[in-house]
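Asker: how would this look folded up:
(2 chains)
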Amino acid sequence: MITTALIAIMVVMVIVLLRAWLGPSLYDRVLAINTFGTATVLAIAILGFYMQRPAFMDIAIVYSLINFIGTVAVLKLYRFDSLGHREEEKS
Amino acid sequence: MSIRRNPVLRESSHLLIPAILLFALYVQFHGDYGPGGGFQAGVIFASAIILYALLHGTRRAEKIIPLKLARTFAALGILIYSFTGILGIILGGNFLNYNVLAHDPIHGQHWGILLIELGVGITVGSVIISIFYAFAKFKK
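Answerer: Numbering: from 1, shown residues only, chains lettered A, B, ... in the order given. Next up, the predicted model:
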């Protein structure tokens, strides 16, 4: 059962990586990387359940938080050409 | 449109930032028994500040944690670390010997690990915040 779930997540990761490689626009690639991170979180949670280590849940939470912040940072860099400025005056 | 005007991003980030700060403290002080420790807690704490700076700009983030404060805290963490190490020498052990910090060696090890990880966490968090400021204020 757990092995099946892990294999399914691996298949999802391969497909998502293909989308990140082929993706015509940048948004496809960003979305693919974000989905890859979500799949990694699920894989970590399932591995923690499989290896009887509930502490893996902490790592999964941290991974999802970093994933969110990284996606926001990449999108802001692409949209505003800068990470830190308040772009009130521009656009 | 400014990034602050985006209601989904703004509200979800304002929900997430206190949770991230709390989780950083959990990783810091529960690091003896679970995964984590000073380095990871510092990175998680800095990532909360980075999320705030992404949302509101570095100018408002620097009102919370100025660059000078970050640099001071980076030095303070190293001071805590080396102070704990030298305290072991003063109390009659080796450098970074925790056993002599309290009457009971196991209590001494608890205190020593807590202080060391606190120093590491403060330094790593401040250094990562100042690295982010240096990158974010870069203008083409």
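
Asker: where in chain A is pLDDT low?
Answerer: Along chain A, the parts satisfying pLDDT under 70 run over A:85-91.

Asker: do chain B as well
Answerer: Applying pLDDT under 70 to chain B flags the ranges B:1-4, B:139-140.

Asker: for the closest residue to chain A within it, list the residues it contacts.
Answerer: Among the residues of chain B, residue B:136 lies closest to chain A, at 2.8 Å counting by C-beta to the nearest C-beta. (Each C-beta comes from the backbone N, C-alpha and C, glycine too.) By C-beta atoms under 8 Å, 6 or more residues apart in numbering or on different chains, the contact set of residue B:136 is A:82-85, B:53, B:58.

Asker: what residues are up against the most centrally placed residue in chain A?
Answerer: Nearest to the mean C-alpha position of chain A, counting by C-alpha atoms, centre = their mean, stands residue A:37 at 2.2 Å. By C-beta under 8 Å, 6+ apart, residue A:37 lies in contact with A:63-64, A:67, A:70-71.

Asker: roughly how far out does the top helix by length along chain B sit from the chain middle?
Answerer: In chain B, taking DSSP state H as the definition, the longest helix is helix B:105-136. Its chain's C-alpha centre and that of helix B:105-136 lie 5 Å apart, by C-alpha atoms, centre = their mean, to the nearest Å.

Asker: would you mind measuring from the residue in chain A that chain B sits nearest to to residue B:51?
Answerer: Of all residues in chain A, residue A:84 sits closest to chain B, at 2.8 Å by C-beta to the nearest C-beta. From residue A:84 across to residue B:51, the span is 12 Å (C-beta to C-beta, to the nearest Å).

Asker: repeat that for residue B:63.
Answerer: Distance, residue B:63 to residue B:51, using C-beta to C-beta: 16 Å.

Asker: which one's more surrounded, the two?
Answerer: residue B:51 (22 against 9; other C-beta atoms under 10 Å in any protein chain shown).

Asker: now do the contacts for that one.
Answerer: Taking C-beta under 8 Å, 6+ apart, we find residue B:51 in contact with A:69, A:72, B:13, B:16-17, B:20.
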